[in-house]
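Chemist: turn this into a structure:
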Amino acid sequence: MSTSIHKPLIPIRSEKPVSGRFKTPKAWILCSPWSEDQLALTTLAANIKHLGQEARINRDTTAATLLLVRDNRIAHPEGYELHIKQDGIRIISSTAAGAFYGIQTLREKLHLNSRHLTCCVVEDHPTFARRGIFVDCSRGKVPTLSTLKNLVSLIASWKINELQLNIENVFHFAKHPDIGADHSSFTASDILDLQAYCEKYHIRLVPCLASFGHMERVLMLPRYKKLGELPGYHNLPGGTTLNPRHPGSIRLMADLYKEFLPCFKSVDFNVCGDEPWELGKGASKKVADRIGTGKLYLEFMLKLRTLCQKQGKRMNMWADIVMNHPEIIPQIPKDIVMLNWQYDRHYKERRIERTHELSRAGLPVVCCPGTNSWQSHGSRLKQALDVTTYFAKTAVKVKAEGFLQTDWGDAGHRNTLAVALCSFAHGAAHAWHSRGVDDSNHVERFAFHTFGDKSGKLAKAIWTVATSGNNHWAYLSLNESLRAPKPFFHFYGHDMVWMEKNKLPEAICRKRISELSSLRFADDFKAASPFLKLMLQEYDLAAEMDRFAYERLPLAHQLRSQSRPDPKTLRIHLDRLIRLSSHFGSLWNKVNRPSRLCDNQKAFDSGIRELRQILGQS
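Modeler: So this is what the prediction gives:
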């Protein structure tokens with residue numbers, strides 16, 4: 001085994017060696033007098049049995065191999081001490097959460113060393129109080145409860161303690177039933193079920209609801225179109241942003257909050273508020289010209305704060321607009337948490353470097369990097385790792401309240417959950433103990449700890465599927481017409497027309513196709529859990545989609561230059577597209593709820609029809 005992966009995935013703050021080795025018993029006896037520790041002990045027992053040893057859970061502490069102890073001298077509520085001695089193991093904490101995290105460290109040690117535990121004393125606690133992941137559920141994919149529960153159990157092992165689900169319209173509102181209709185929306189019962197599951201793993205389910213920008217799926221409905229700031233923006237019936245001066249806008253949000261927020265125990269609530277692109281350009285233009293766009297924005301956000309207070313919630317909001325209008329920072333109440341996000345170190349806004357503007361104003365801050373999986377089949381992994389490391393240094397410096405790793409699903413959410421997991425784990429490592437993270441071999445450790453990859457084969461495959469300088473192009477062009485004279489609409493400009501103009505050499509395409517064709521994820525690591533096997537299948541799908549996008553480029557070159565591709569090549573391409581569409585739909589239904597699969601399937605069907613038409617003309 002490579003020494004580079006022979007380290008914990010989630011770093012330990014302090015470990016002091018003690019002479020001797022732990023004497024592995026014939027049968028482990030795992031003891032705690034507290035019922036709230038039973039889940040953690042059960043997962044540990046499963047790990048021990050996987051190593052070929054017996055393990056029993058017992059409340060009688062007289063013959064304990066592992067004993068969980070509560071002691072108030074452990075000051076940090078999520079801290080713990082792990083004592084591994086020759087004759088037994090003790091985990092000391094002041095809370096059940098601390099005991100849970102101590103067990104996660106012991107599980108990692110067993111994974112690394114099997115039966116040969118070296119005696120030591122570990123003293124550990126997290127850097128950030130809030131250590132979260134954020135999952136987009138509103139751009140197409142709505143995960144099943146089973147998927148979310150499996151994700152919760154995985155991220156809990158990485159000592160994550162917060163989960164946010166991005167909800168723009170995918171909640172069933174009794175008073176506003178049109179919102180979320182035909183989107184497999186969550187019900188109040190779903191949220192309560194998931195919340196109860198999260199609590200077992202010491203994770204807070206924090207509510208998140210679009211409340212200003214990103215309202216296009218609500219504003220496109222006839223009943224709400226009148227609330228839009230600029231109806232027709234980007235050919236959307238109601239645009240994307242609420243008119244902050246229309247009295248119906250705040251009334252709508254009051255109604256939604258009254259139904260949505262009582263489902264959640266968390267005091268924190270993310271009202272979003274990011275990217276209100278049309279603000280001050282439509283119905284409120286005259287007001288914006290008179291008082292300023294920043295003040296207009298803050299005016300509406302303060303109304304949302306009043307609604308939050310009525311529901312007993314502490315308002316959290318994305319910080320992008322505030323950072324664009326720093327003149328309003330002194331006017332922001334100090335009980336609003338600023339979620340400062342940036343997904344590329346080279347953003348011209350430089351929000352990472354400017355985080356101190358928020359903290360010095362006395363505002364609580366959560367720093368939010370991203371997985372860079374959106375508009376990509378395999379993710380822009382290097383960019384994601386770089387920005388997370390960079391942002392974490394700032395978060396430590398400004399003493400941020402939390403660290404939140406975000407994952408989005410722009411342009412149909414064809415990107416898979418699997419390709420975000422490596423970044424989730426990286427964010428978790430920095431959230432727990434950033435200064436202890438070895439960034440250089442994170443992917444290798446992730447593959448080993450999560451899937452049992454000792455050879456490095458899976459880690460290499462993850463890097464391969466995530467290495468594509470034009471993966472925005474590959475994602476968007478997968479469903480683009482081969483003969484389309486205009487590019488697919490998006491923000492990045494890397495579509496098939498762009499690639500043709502810049503003459504991406506076919507040799508590069510062939511190399512990329514060859515690299516992706518050789519990847520196989522799901523065939524290996526058969527000992528993985530059913531959920532992780534699904535994630536390996538998603539990696540296979542990511543490689544398949546990216547490969548297909550590169551195969552389309554030579555055909556597009558030929559068709560747009562009015563030449564005729566070889567009919568045999570076209571038939572092979574058609575057959576592959578039909579299989580890809582079927583594979584995509586099958587896996588979608590295993591991981592996600594069914595709605596909006598139809599949007600992606602329509603795009604695949606359009607490509608199939610086009611190829612059949614081209615073949616019919618040949």
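
Chemist: isn't residue 449 right next to residue 108, touching?
Modeler: Yes - under the criterion of CB atoms under 8 Å, residue 449 makes contact with residue 108 at 6.8 Å. Placement of C-beta: from N, CA and C, glycine included.

Chemist: list residues touching both of those two?
Modeler: 8-9 (CB atoms under 8 Å, 6 or more residues apart in numbering).

Chemist: contacts only, for residue 569.
Modeler: Neighbours of residue 569 in contact, by CB under 8 Å, 6+ apart: residue 555.

Chemist: name the element it belongs to?
Modeler: helix 567-591 (DSSP states H and E).

Chemist: same question, residue 258
Modeler: Residue 258 belongs to helix 247-260, assigned by DSSP H and E.

Chemist: could you give the average pLDDT over that helix?
Modeler: When pLDDT is averaged over helix 247-260, the result is 98.

Chemist: swap in stretch 217-237?
Modeler: The average of the pLDDT scores along stretch 217-237 is 97.

Chemist: do stretch 412-420 as well
Modeler: For stretch 412-420, mean pLDDT rounds to 95.

Chemist: distance from that stretch to the middle of the chain?
Modeler: Chain-centre distance of stretch 412-420: 9 Å, with CA atoms, centre = their mean, to the nearest Å.

Chemist: ok, and what's touching it?
Modeler: Outside stretch 412-420, the residues that touch it by CB under 8 Å, 6+ apart are 135-136, 139-141, 143, 147, 151, 371, 373-379, 407, 409, 465-466, 475, 478, 534-536, 538-539, 541-542, 545, 584, 587, 591, 596, 599-600, 603.

Chemist: separate out the buried members of the residues you listed.
Modeler: 135-136, 139-141, 143, 147, 151, 371, 373-379, 407, 409, 465-466, 475, 478, 534-536, 538-539, 541-542, 545, 584, 587, 591, 596, 600, 603 (16 or more other CB atoms under 10 Å).

Chemist: would you list every one of the helices in the stretch 401-550 of the chain?
Modeler: Taking DSSP state H, counting those that start in this stretch as the criterion, the stretch 401-550 of the chain contains helices spanning 418-433, 442-451, 457-465, 471-477, 496-501, 506-517, 530-560.

Chemist: and for the stretch 1-150 of the chain?
Modeler: Listed in chain order, the helices of the stretch 1-150 of the chain (DSSP H, counting those that start in this stretch) span 38-50, 96-113, 145-157.

Chemist: could the ones you listed go into CSV alongside distance to residue 201?
Modeler: Formatted as CSV, these follow (distance: least, CB to CB, whole Å):
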stretch, distance to residue 201
helix 38-50, 7
helix 96-113, 8
helix 145-157, 4
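
Chemist: any idea which of these is most buried?
Modeler: Among the helices of the stretch 1-150 of the chain, helix 96-113 has the highest mean neighbour count (mean count of other CB atoms under 10 Å), at a mean of 21.

Chemist: now that helix: average pLDDT?
Modeler: On average, the pLDDT along helix 96-113 is 96.

Chemist: cool, and stretch 158-171?
Modeler: Here the average pLDDT along stretch 158-171 is 98.

Chemist: distance between the ends of it?
Modeler: 28 Å (CA to CA, to the nearest Å).

Chemist: check stretch 41-58 too.
Modeler: 10 Å.

Chemist: which residues are in contact with residue 99?
Modeler: Residue 99 neighbours (CB under 8 Å, 6+ apart): 32, 34, 37, 40, 68, 70, 80, 91, 93.

Chemist: who does the closest residue to the first one other than its chain neighbours form a beta bridge with?
Modeler: Distance criterion CB to CB, 6 or more residues apart in numbering; nearest residue to residue 32, sequence neighbours excluded, is residue 68 at 3.9 Å. Here residue 68 sits in beta bridges with residue 91, as judged by DSSP bridges.

Chemist: which one of the helices of the stretch 401-550 of the chain has the lowest average pLDDT?
Modeler: In terms of average pLDDT, helix 496-501 trails the rest of the helices of the stretch 401-550 of the chain, at a mean of 52.

Chemist: so residue 29 bridges to which residues?
Modeler: With DSSP bridges as the criterion, residue 29 is bridged to residue 56.

Chemist: what's the burial count for residue 333?
Modeler: 12 (other CB atoms under 10 Å).

Chemist: ok, residue 286 next?
Modeler: Applying other CB under 10 Å, we find 10 residues neighbouring residue 286.

Chemist: just to be sure, it is in a strand?
Modeler: No - applying DSSP: H, G, I helix; E, B strand; the rest coil, one finds residue 286 to be helix, outside a strand.

Chemist: tell me the confidence at it?
Modeler: Looking at residue 286, its pLDDT stands at 98.

Chemist: got the helices of the stretch 401-550 of the chain as CSV, with distance to residue 280 columns?
Modeler: CSV is the format used below for the helices of the stretch 401-550 of the chain (distance: least, CB to CB, whole Å):
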stretch, distance to residue 280
helix 418-433, 34
helix 442-451, 42
helix 457-465, 42
helix 471-477, 29
helix 496-501, 31
helix 506-517, 43
helix 530-560, 38
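
Chemist: nearest to residue 314, out of those helices?
Modeler: Proximity to residue 314 (CB to CB) singles out helix 418-433 among the helices of the stretch 401-550 of the chain, at 19.6 Å.
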